[in-house]
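**Q** Fold the following and give me the result.
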Amino acid sequence: MRIVLASTSASRLSVLRSGGVEPVLAAPVGVDEDALLDSLSDASAAEKVAQLARAKAHAVAGKFPGEVVIGGDSMLLIEGQLQGKPHTPEVAIERWKNQRGKTAELLSGHCLIGPEGQEYVETASTTLRFASPSDADIAAYVATGEPLPCAGAFTLEAIGGWFIDNIDGDPSGVIGLSLPVVRRGLYSFGLDVHEFFSPELTRPAT
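**A** So this is what the prediction gives:
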């Protein structure tokens, strides 16, 4: 049995690898995120993110029967508004100028589908406080391209870490995939985490 990651996110992959798991990668195809969000206009922010993760997991699950499939999605909740990936430098700069010095929530939706079709859905919430980078630092950071494909226009584990003053919650959830949430999902299926350890990633150093 394997873990299948229904995502193309390098950050989510790195979280699993750092946790000793080498997942199978499968891009979720056919998920119209904008249409799904439009259909959930009355849902809570946490539910919206969870349903995006659920759609991605189910888009992949049929191709991997008997495996554990994980779908994930992250969005930033700031001043009552949900924000996804900025995609363009102009949007990233605008968002950073707006969010610097403020507190926000990074919501990470998770959907695990078990080997017998079981489902576990949970949204992790981590509070973070943005630093107040200068305009020059914002421009230089955005020019690296790092924030463009990231919810909140930052990555905690890389260059963006310079501009995050504090987090209250699970760091792996901020990166994109909460290991505690995944563990709870596996336990709900009657599975142990160690069953998915990769010998190459967990072998003791010599």
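**Q** contacting residues for Pro180?
**A** Pro180 makes contacts with 124, 170, 172-173, as judged by CB atoms under 8 Å, 6 or more residues apart in numbering. In this view, the C-beta of every residue, glycine as well, is placed from N, C-alpha and C.
**Q** how distant is stretch 31-38 from the center of its chain?
**A** 17 Å (CA atoms, centre = their mean, to the nearest Å).
**Q** what's that stretch in contact with?
**A** Counting contacts by CB under 8 Å, 6+ apart, the residues touching stretch 31-38 from outside are 48, 51-52, 55-56, 59, 73, 84.
**Q** hmm, try it at 10 Å
**A** Contacts made with stretch 31-38 from outside it, assessed by CB atoms under 10 Å, 6 or more residues apart in numbering, are listed as 6, 39, 43, 48-49, 51-52, 54-60, 71, 73, 75, 82, 84-85.
**Q** give me the number of residues near Tyr120?
**A** Here the count is done by other CB atoms under 10 Å, and Tyr120 has 20 residues near it.
**Q** beta partners for it?
**A** Tyr120 forms beta bridges with Leu112, as assigned by DSSP bridges.
**Q** what sits against it?
**A** Tyr120 makes contact with 57, 68, 70, 110-114, 181-182, 184-189, according to CB under 10 Å, 6+ apart.
**Q** And Ala55, by the same measure?
**A** Applying CB under 10 Å, 6+ apart, we find Ala55 in contact with 6, 28, 30-33, 36, 71, 73, 109, 111.
**Q** Widest-spaced pair of these?
**A** Every pair in the contacts of Ala55 was compared (CB to CB); the two farthest apart turn out to be Gly30 and Gly109, at 18.0 Å.
**Q** which one of these two has more residues nearby?
**A** Gly109 (28 against 7).
**Q** distance of the closest residue to His87 other than its chain neighbours from His58?
**A** The shortest distance from His87 to any non-neighbouring residue, by CB to CB, 6 or more residues apart in numbering, is to Leu148 (5.8 Å). Here the distance between Leu148 and His58 works out to 27 Å (CB to CB, to the nearest Å).
**Q** Over to Glu200?
**A** Noted for Glu200: a distance of 30 Å to His58, by CB to CB.
**Q** the more surrounded of the two?
**A** Between Glu200 and His58, counted using other CB under 10 Å, His58 has the larger neighbour count: 17 against 9.
**Q** In three-state terms, how would the residue nearest to His87 be classified?
**A** What DSSP: H, G, I helix; E, B strand; the rest coil gives for Leu148 is coil.
**Q** What does the pLDDT read for it?
**A** At Leu148 the predicted local confidence, pLDDT, stands at 95.
**Q** check contacts around it.
**A** 85-89, 91-92, 142.
**Q** returning to that earlier point: now render the contacts of Pro180 as CSV, adding secondary structure.
**A** Converted to CSV, these look like this (three-state DSSP):
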residue, secondary structure
Ala124, strand
Asp170, coil
Ser172, helix
Gly173, helix
